[in-house]
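[1] Structure here, sequence nowhere to be found:
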Ligand code: URA
């Protein structure tokens, strides 16, 4: 993709994660950066990314504006870009991705794990997080207590949270029933601590929580906690295709 505006060569290369401005100046001085087939002599040279042909150490520079990463967030790490004390999800990325200034799309609690999208595409993030879009989010949870069909029906109708808010209809699937139960829950909104508070509303406690899907994006099972990968072109296309609310009609018609 070509950018609209010219920018300084050293700034562009730093943005692409090729090093600090100082390191890049050195690369340029050593004639290891070529622009349109000629060594660039000036770090302040203005280039049009995507139009000017740039090579670094003989390798063509693949210009892009955005990164889209799927992270399997480990428990114990904050869904944030920075924090004075705690480790944050962006710390799990190498410099070449951090250079794009990605941020997490939505939050997972510190003690929750699973699918977290990291991107610097604000428009896409806004689409995914917009309360009007009702993008579904599916969680796997271990719950202390016997989850029953009564809970399934309660969640389908919507439950009252501790602040008096009535949740939208949600789909609860029981995977294992016992004194401790395993479930999958799909919600179409994103209130603070929503899953934990929904179970609290029916007198149960979530002891383990992992997000496994968000809209069309499904957590890649190959990713171990702490691992990430770039989204495929197909996954990005699907995410960008989110337009109308994705709530299934039968749930939509349930009493809210
Ligand atoms: N619901 C929660 O309770 N916690 C999360 O991290 C996400 C949804």
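    Yes, it's here. Computed from a predicted structure; not experimentally measured.

[2] Tell me the gap between stretch 144-153 and the middle of its chain.
    When distances are taken as CA atoms, centre = their mean, to the nearest Å, stretch 144-153 is centred 30 Å away from the chain's centroid.

[3] In that stretch, which residues are buried?
    145, 147, 151, 152 (16 or more other CB atoms under 10 Å). Backbone N, C-alpha and C define where each C-beta goes, glycine included.

[4] Likewise for stretch 82-100?
    Buried residues in stretch 82-100, counted by 16+ other CB under 10 Å: 89, 90, 92, 93, 97, 98, 99, 100.

[5] ok, the second one touching residue 119?
    No: with contact defined as CB atoms under 8 Å, residue 90 does not reach residue 119; the gap is 11.6 Å.

[6] so what's in contact with the two at the same time?
    The contact sets of residue 90 and residue 119 overlap at 102, 103 (CB atoms under 8 Å, 6 or more residues apart in numbering).

[7] quick revisit: which ones among the buried residues of stretch 82-100 map onto helices?
    With DSSP state H as the criterion, helices contain 97, 98 from among the buried residues of stretch 82-100.

[8] Show me the two of the buried residues of stretch 82-100 that sit farthest apart.
    Within the buried residues of stretch 82-100, two members stand farthest from each other by CB to CB: 89 and 99, at 15.8 Å.

[9] can you list the residues of the stretch 51-200 of the chain near the ligand?
    For the stretch 51-200 of the chain, the contact set with the ligand under CB under 6 Å from any ligand atom comprises 108, 109, 112, 193, 194, 195, 196.

[10] any idea how the protein splits into domains?
    7-60, 68-254 (automatic domain parsing).

[11] The spatially most central residue of the chain: what secondary structure?
    For the chain, the residue whose C-alpha lies nearest the mean C-alpha position (CA atoms, centre = their mean) is residue 117; its distance is 1.2 Å. Under DSSP: H, G, I helix; E, B strand; the rest coil, residue 117 falls in the strand class.
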